[in-house]
Every structure is written in C-alpha cells, then in structure tokens.
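Enquirer: no FASTA, just this:
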Ligand SMILES: O=P(O)(O)OC[C@H]1O[C@](O)(CO)[C@@H](O)[C@@H]1O
C-alpha cells in the first residue's frame, strides 16, 4: 500500500464509501436526508457560482475529503507554489503562473529576484506592441496595416490562446482577425494561408522552447510564404514576432530580438496563456480586455489562496474529482459547457488536466497503486445531448460531469437562451433523478400501450440516475469571468496533483514519441530498406516511404 492509500484519511473515506454502498444511498436520498444541501453545497465568488449538491457525497463525505486534503498538506503546498519554491521537482523549477496575473502590486521573489519586475516589463512591451498594431504604427514590409494575425504554436502555445480567443469572440477588437495554425499536417497552414495576404499578415511564432518540430516546420513554411511574396529577407522582421524563452533560437530564425516577447522556465506550457503566449489573444480582444483576463485569474488565485478549504471552489472540485475517480471508479470526466463559444475550452482543459495529472509515479518516483488523472472530454450542450449523452444516461460506465452555464448571453435571442439553459437544468436533474422501470412502465400504460409491449420496452427506457454533476454558473462570458474560470480549473488540477502526490508540472510522457519520430524521419530520408524496428513499424514506415517516393516522382 502507498502512503496515500494506507493513510488514516484515505482508509476513513474507504470505509465511509463502503457503508454508503451498503446502505444503497443515492443522491436523491441525500437530498431527503440533508434538506439544506442545495444551499450548503453552493459557493459563489465574483459572479461565478458552483452548485455541487448533485454529487454522491454527504456532509460527512465532504468532511472526510477535507480531512484528506489536510492530511496531504494541501495548504502548505499551495503556499509553497505561491512563494516560488521549486515544486516542479523533476525539472527543479518554480511554478509561478500566478505571478503572471498578480495584480496586487506585491513582489514575488525567486532566488533573490523579484520576478514581478520582469513580468511587468513584458506586459508593458506587449501593451505597446498591441497598440502599435491596432493604431497602424506597426506596418507590414510593404507599408500596409496589419489586418490578420496568425499564431503558430502547438499544445500550450496554441490551445489556451485559441480557446480564449474563441470564448471571447464577442469581445473581439474590430479590424484584426486572429488565426491559429498548430498541426504539422500542412492542410492546417494551407487552409489558413490561402485566405490571407502577406502584405497585411503578422505571424506570431509561439514556442516556449523554440525547438518544437511542428511549430518550427510551420514557421519555416510561413517564412517562405512571406519571402516568396516580398523577395527580401528584411521582410521577416516586419512580419514575424516570437514568444519564447529561447533567445538564441529566435535569433537564428531571423526574428529581431526586440520583437521577441519573453517568458520564463517557471511558466509551464499549459499554464502560459497569461504570459507572452497570450499575445494573439491581446491583439484579438484588445489590451484592456486582456488585462481583465488577468484580473479574473488573479481574483481566482486570491480565492484559492485565502478561502477556507470547505468554501474553496477549486479545492472542492478537486476533492470531488478524487472521490469520483478513486472511490466511485469513474475513469473519465466530462466538461459540458452550454455555450458554443466554450467549445475549444474543453480541448484546453484536456491538455491542462491530462498532461498535468496523467502520471503513474509519485513525486518520489514510486509507481502508484491508485488511479490518477481521469480522461477529460466533452463538447457543448445541447449538441452533445444528441450525440454522446446516451452513454452517460444509460451506458455501463460512470461519467461524472461539469455543466457550465453563462447566465447573460451576448446576443438578443432570449428564446434561444431560455431553451439552452432549460436543457442544462433538465440534464443535471435527469442525470440525478433518473427514471425507474415502474415509472416508465406506468407512463407507457397510461399512454395506451399494451401491457406486454410496455414490459418489453421498460428496461430499455429506464434511467438509473444517481450520476454526479457539478454546475458552474458565470454571470457572463466576458474576459474577467473567462480568466476566473480557467484559473479555477488550473487550481483544481493542482489540488488533485497534491492529493495523488504526483508532479503536475512536468510532461515526460510526450518525449518517447518525439524521439522515435526523429528516428523514423531519418529512416524515411535515408536510402535503403527500413528494418531496425518491429515488424509492424517497419511495414508501416516502408509503405510511407514508398508513397513519399511516388509523390516526389509525380511532383
Ligand atoms: O511551447 P513549446 O516549447 O513549443 O511546446 C509546446 C507543447 O509541447 C509540449 O511540450 C508537449 O509536447 C507541451 O507541454 C507544450 O505546451
């Protein structure tokens, strides 16, 4: 047994869970037993509300989960992260995305250096740059004003900014369109470039390392596109800027370092939207709005750092996730926003959560004997209702879900909004209450169906219910609340990482595939047969190689 599963706090939860199962206690039963539940399991902060009453947890479960958080020293770890300790222990790095959105004016010192001086200097540089693009002071090489910005990046250098830009499209700055290219599949960049004019296009090469294969390949293709048009290397400096921690690689690419926006190794890729990586967003929504995103993140940081654990939204969400995964056995967690603009937000959360907590060893390197991060997935409602909700309602797997509602829309079609939010409320109700076989049969008989047919169909039309959900309600999908929502999930992930004892801030799991891709790439470029891999990989790579040779022959 590990120190987690053998701890008194874990054992108490285990015993409590077994007792709940023996008693057959459902969420519906809990509502009867705890009449104040809907009020008590409700947290509000700055126009963001969480209703977590529709979970398979009693007040006692929450007490025990909070005991687990204490036993795992969550408050200490939280302070250690905030104070700039190297909590990323496999890379010996501090984890300071909170410094990027620190709006308090207070310093944050790491190794004797106040990082806020540098953070604020880069923010000032970004602000000036955004203003110069917007007011036309910054122009393309041919003298034209920039109308289109293309962010070239992948993973954390793409998903966060794109999700934010999409979510905040109702706040878009007029006159600038922002595009995103990430995949090394050239259909991606081709699809974007064919719509653009090199004279009026600015590329942002976003890469923490500035070595990522996909980003560098796309950046070189974009560079050729610009040079084919202008025929002058000097055009690169007017049409490319870089967001990176790697000054040398940026210089080698030909980007003037005065057009480089820095960040630091204490910013993880999936936590980097708040840094220079947010430049495409700042250009797309304007500087004042970008600052509101930071304000929202900072407000959530304050809530996370200062609220007692039992009223702390990210802590509660994190603990419920642990309960669902480790005690109820859920292997995945769905995020179901009832706002089309949040479609890509789920993709970002997927990286945030799965790259952070998809770990099989603890901080000390020992293989764990419990489940860690779940599979995160989802799509906006109501679309999902007509696609995958079937499995959530009647499948064999338990899928807990977060429903996200925006109370005030940015359109005037209130009829749509009413239907949308009625569906959200109905789904969380349906998932909890279900519909018994008796109810189903009685309904069918009442509608005039023959008894035999009603009996035959009843099992198919029964809903077990008792499926745990959280509901998050935001006043608006504006920059502030978007920042708050994103920071909420970041801290939820942190909370879970601490409970599970894993390092949420490295991502070694992406390395092996990268290494092997390099080796296969060299096989594809070398003369001769491919024989050094297993039989399947040799065969696949050989087919790719011969196809590429055919393509070269026909090009
Ligand atoms: O910003 P970079 O260095 O190009 O990295 C992009 C992404 O690649 C990863 O390292 C995974 O391969 C992510 O963690 C990161 O967000």
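Expert: That came through, no problem. Bear in mind the structure is a predicted one, so any value in this text is a computation, not a measurement.

Enquirer: In terms of pLDDT, where does the most centrally placed residue in the chain sit?
Expert: Nearest to the mean C-alpha position of the chain, counting by C-alpha atoms, centre = their mean, stands residue 349 at 1.8 Å. The per-residue pLDDT reported for residue 349 equals 98.

Enquirer: Show me what the helix or strand hosting it packs onto, helices and strands only.
Expert: Element membership for residue 349 (DSSP states H and E) is helix 343-357. When contacts are defined as 3 or more C-beta pairs under 8 Å, 6 or more residues apart in numbering; DSSP states H and E, helix 343-357 packs onto helix 159-167, strand 332-337, strand 375-377, helix 479-500. To be clear about C-beta, it is placed using only N, CA and C from the backbone, and glycine gets the same treatment.

Enquirer: Get me the contact residues on this structure for the ligand.
Expert: 154-157, 207-209, 212, 215, 269-270, 355, 507, 510 (C-beta under 6 Å from any ligand atom).

Enquirer: Which of those residues fall in helices?
Expert: 215, 355 (DSSP state H).

Enquirer: so how far is residue 243 from the spatially closest residue to residue 117 that is not a sequence neighbour?
Expert: Nearest residue to residue 117, sequence neighbours excluded (C-beta to C-beta, 6 or more residues apart in numbering): residue 107, at 8.0 Å. Note on residue 107: its distance to residue 243, by C-beta to C-beta, to the nearest Å, is 24 Å.

Enquirer: again with residue 381
Expert: Distance from residue 381 to residue 243, by C-beta to C-beta: 34 Å.

Enquirer: Compare the two (neighbour count), which wins?
Expert: Counted by other C-beta atoms under 10 Å, residue 381 and residue 243 do not tie: residue 243 has more neighbours, with 28 against 23.

Enquirer: what helix or strand does the more buried one sit in?
Expert: For residue 243, the enclosing helix or strand under DSSP H and E is strand 240-244.

Enquirer: Let me see the residues that make contact with the helix or strand bottoming out on mean pLDDT in the chain.
Expert: Across the helices and strands of the chain, the lowest-confidence element by mean pLDDT, DSSP states H and E is strand 109-110, at a mean of 89. Strand 109-110 is contacted by residues 84, 94, 96, 115, 266 when judged by C-beta atoms under 8 Å, 6 or more residues apart in numbering.

Enquirer: what's the closest of these to the ligand?
Expert: Of all these, residue 266 has the smallest distance to the ligand: 14.2 Å, by C-beta to the nearest ligand atom.

Enquirer: in a strand, that's where the closest one is, yeah?
Expert: No - per DSSP: H, G, I helix; E, B strand; the rest coil, residue 266 lies outside any strand segment and is coil.

Enquirer: can you count the residues close to it?
Expert: 22.

Enquirer: so residue 294 makes contact with residue 101?
Expert: Yes - when contacts are counted by C-beta atoms under 8 Å, residue 294 is listed as touching residue 101 (4.1 Å).

Enquirer: Please identify which of those two sits among more neighbours.
Expert: Neighbours per residue (other C-beta under 10 Å) separate residue 294 from residue 101, with residue 101 holding more: 26 against 21.

Enquirer: Could you measure from residue 208 over to residue 407?
Expert: In this view, residue 208 and residue 407 are 36 Å apart by C-beta to C-beta.

Enquirer: Those two: which is more packed in?
Expert: Higher neighbour count among residue 208 and residue 407: residue 208, with 25 against 13, using other C-beta under 10 Å.

Enquirer: Contact partners for that one?
Expert: By C-beta under 8 Å, 6+ apart, the residues touching residue 208 are 156, 157, 244, 245, 246, 263, 267, 269, 272, 277.
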